[in-house]
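Peer 1: Sequence plus the predicted model coming up.
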Amino acid sequence: MHKQAGFTLIELVAVLVILALLGAMAVPRFFDVATDALTAAQNGSVAGVRSGHAMAIAELKRIPTVTELATYVGGPNIAAVGTGIEVTIDGTAYVVRTYTDTTCSTATAAVGNSVNCVGQIP
């Protein structure tokens, strides 16, 4: 008599259960990574606008307007809007807020307003 080699149904089900458990643990981590990547991109955009603000002040020798600031930030996904600098990340537009005072309490209302302070993405 020949003994048949192979896996039993119970062994195959056990392997599938283990793989399903590993997959269930990995999926939430993937979504956390996507959220972390978006947050990092937003923070990087804010840092880029702040750097552009410092460069504009150094070159212009005065406080830049929202429009001028947008040119110093540069890039294809950058636009000046009344309330700040619009940055497009992965097809979604976010606005880095700009303010007319140094305490970041009075928001700019038009692209011609002077920018004394750069805030965050709300």
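Peer 2: Cool, the structure landed. What you see is a predicted model, and the numbers here were worked out from it, not measured in a lab.
Peer 1: packing partners for the longest strand anywhere in the chain?
Peer 2: Assignment by DSSP state E gives strand 92-99 as the longest strand of the chain. On a contact count with 3 or more C-beta pairs under 8 Å, 6 or more residues apart in numbering; DSSP states H and E, strand 92-99 meets helix 9-60, strand 84-89, strand 117-118. Every C-beta, even on glycine, is put in place using the N, C-alpha and C of the backbone.
Peer 1: Would you reformat the ones you listed as a markdown table and include distance to residue 78, mean pLDDT and mean neighbour count?
Peer 2: As requested, these are arranged in a markdown table below (distance: least, C-beta to C-beta, whole Å; pLDDT from 0 to 100; neighbours: other C-beta atoms under 10 Å):
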| stretch | distance to residue 78 | mean pLDDT | mean neighbour count |
| --- | --- | --- | --- |
| helix 9-60 | 9 | 88 | 12 |
| strand 84-89 | 6 | 93 | 21 |
| strand 117-118 | 13 | 93 | 21 |
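Peer 1: Make a markdown table from the ones you listed and add distance to residue 97 to it.
Peer 2: Formatted as a markdown table, those follow (distance: least, C-beta to C-beta, whole Å):
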| stretch | distance to residue 97 |
| --- | --- |
| helix 9-60 | 9 |
| strand 84-89 | 5 |
| strand 117-118 | 8 |
